[in-house]
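Visitor: Mind looking at a prediction? Sequence and model below.
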Amino acid sequence: MYLITVSMLKIKIFEPLMNTAYLLTGGNLGNRKENLATARDFITAQCGTIIAASSLYETAAWGNTDQPAFLNQALIIETMLNARQLIRRILKIEKLMGRIREEKYGPRLIDIDILLFNNEKHNYQFLKLPHPEMQNRRFALLPLAEIAPGIIHPVLYKTIAELLDECKDELEVRKYS
């Protein structure tokens, strides 16, 4: 007969689970650079710690092309929130910053997308993970490849760098100075 105690198992009961989320922020209205900075501040205050941020990238509008160019930035955050909690907070941040959803692919002050969350896969109404179109959008892949080139897409089983190399999106994406 064996007697096993909790101390022998070395269970860490009170250590919180940290999740890693890969976000894409963007916008094409108002002071775009300032809006991305404000979004970073809100994300830090309400979602988790930003552990990496890409350069800012400028690209022509995708989808509805008759609008100003976008600035985008990829972020990696560590959070104690789960994916559903995170998207709820992100939607609140967008609303606080004045985002109004009037038309698909329309102009916006701020857009915050969860591209990846750990290796999770979800298909909820307001949350599809991994982001279902990220592999088709150079403006998402280029900033993400700057800060996380070796991360593996949990459905396509390719690195972000590989997805960027294979991306057929021809919109020019360039670093913003």
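Guide: Right, received. Where do you want to start? Residues are numbered from 1 along each chain as shown.
Visitor: in the chain, what spans have low per-residue confidence?
Guide: For the chain, applying pLDDT under 70 flags the ranges 1-16.
Visitor: Which residue would you name as the spatial centre of it?
Guide: Centroid-nearest residue in the chain: L23, 1.2 Å away (criterion: CA atoms, centre = their mean).
Visitor: tell me the SS of that residue?
Guide: Of the three states, L23 takes strand according to DSSP: H, G, I helix; E, B strand; the rest coil.
Visitor: That one: what's its closest spatial neighbour, skipping adjacent residues?
Guide: Spatial nearest neighbour of L23, chain neighbours left out: L75 (4.5 Å); criterion: CB to CB, 6 or more residues apart in numbering. Just so you know, the C-beta spots here come from the backbone N, C-alpha and C atoms, and that holds for glycine as well.
Visitor: So for the one helix or strand that neighbour maps to, what gets flagged as buried?
Guide: Using DSSP states H and E, L75 maps to strand 70-79. Using 16 or more other CB atoms under 10 Å as the test for burial, strand 70-79 gives F70, L71, N72, Q73, A74, L75, I76, I77, T79.
Visitor: and the closest residue to the third one other than its chain neighbours, how many neighbours?
Guide: Leaving aside its chain neighbours, N72 sits nearest to G26 (4.1 Å; criterion: CB to CB, 6+ apart). Taking other CB atoms under 10 Å as the neighbour definition, G26 ends up with a count of 25.
Visitor: Show me the beta-bridge partners of G26.
Guide: On the basis of DSSP bridges, G26 is bridged to N72, D111.
Visitor: Thanks a lot, see you next time.
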